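In: Structure, please.
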Amino acid sequence: MGYVWMFLGLGSFSMLGVFAKIADIKQCRPGTLYLLLFFWACAQSWLACLASGQTVAGAPAKVIWIALPFGVAGALAGVAFQTGIRYGKISTSWLIINLSAGIPTLGSIFIYGEPVKPIKVGALCLVVASVLLLWKDKLEDERKAMAALAGAGGD
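Out: Have a look, this model is predicted:
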């Protein structure tokens, strides 16, 4: 059953990128889009709790205190991502979001004392290399755009 949830999460998370691009094409406002996303996520969670017989309003304080910053971080990430799509390529934006997995990895090493294996060090080095290559690609795109503008202005 764990694999079902894992693949469901993978598919659903992947579809967020597709829906984000559709929303950008339709010129949706990022704040409104993510407000609706969180509303429907809340409604679905509420229904799932009711269907399983759990009391929805009975969340312990420790759950609420982790859910609040989790929700704020999710909302900020979503709005920032959706806004960023307007200024760059979705492929780059989506890749950067996925590369952000390096941050929890570093946290698990430094905060929780997780052992550092050579493969983990290699993966983190690849994350840094990917970000640097994306930055270089962005600079190259900007250079080409400036050259095209300069060439068009000289006609």
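
In: drop to CA atoms for contacts and neighbour counts, all remaining ones
Out: Fine.

In: Buried residues in stretch 62-77, which are they?
Out: For stretch 62-77, a neighbour-count test (16 or more other Cα atoms under 10 Å) marks A75 as buried.

In: what does it rub up against?
Out: Y34, L35, F38 (Cα atoms under 8 Å, 6 or more residues apart in numbering).

In: Any stretches of this structure with poor pLDDT?
Out: 55-58, 153-155 (pLDDT under 70).

In: circling back to that earlier point, export the contacts of stretch 62-77 as a markdown table, with columns for neighbour count, secondary structure and distance to I25.
Out: Output for these, formatted as a markdown table (neighbours: other Cα atoms under 10 Å; DSSP: H, G, I helix; E, B strand; the rest coil; distance: Cα to Cα, whole Å):
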| residue | neighbour count | secondary structure | distance to I25 |
| --- | --- | --- | --- |
| Y34 | 19 | helix | 16 |
| L35 | 14 | helix | 18 |
| F38 | 15 | helix | 21 |
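
In: tell me which element P115 is part of?
Out: In the assignment (DSSP states H and E), P115 maps to no helix and no strand.

In: what's the answer for I119, then?
Out: helix 118-153.

In: Please apply the same query to G113.
Out: Applying DSSP H and E, one finds G113 in no helix or strand.

In: count of neighbours near it?
Out: 10 (other Cα atoms under 10 Å).

In: how much space is there between it and G122?
Out: For G113, the distance to G122 equals 18 Å [Cα to Cα, to the nearest Å].

In: follow-up on the earlier one: quick check, distance from the helix holding I119 to the centre of its chain.
Out: 19 Å (Cα atoms, centre = their mean, to the nearest Å).

In: Any buried residues in that helix, and which?
Out: Applying 16+ other Cα under 10 Å to helix 118-153 flags L124, V127, V131, L134 as buried.

In: Thank you kindly, that will do.
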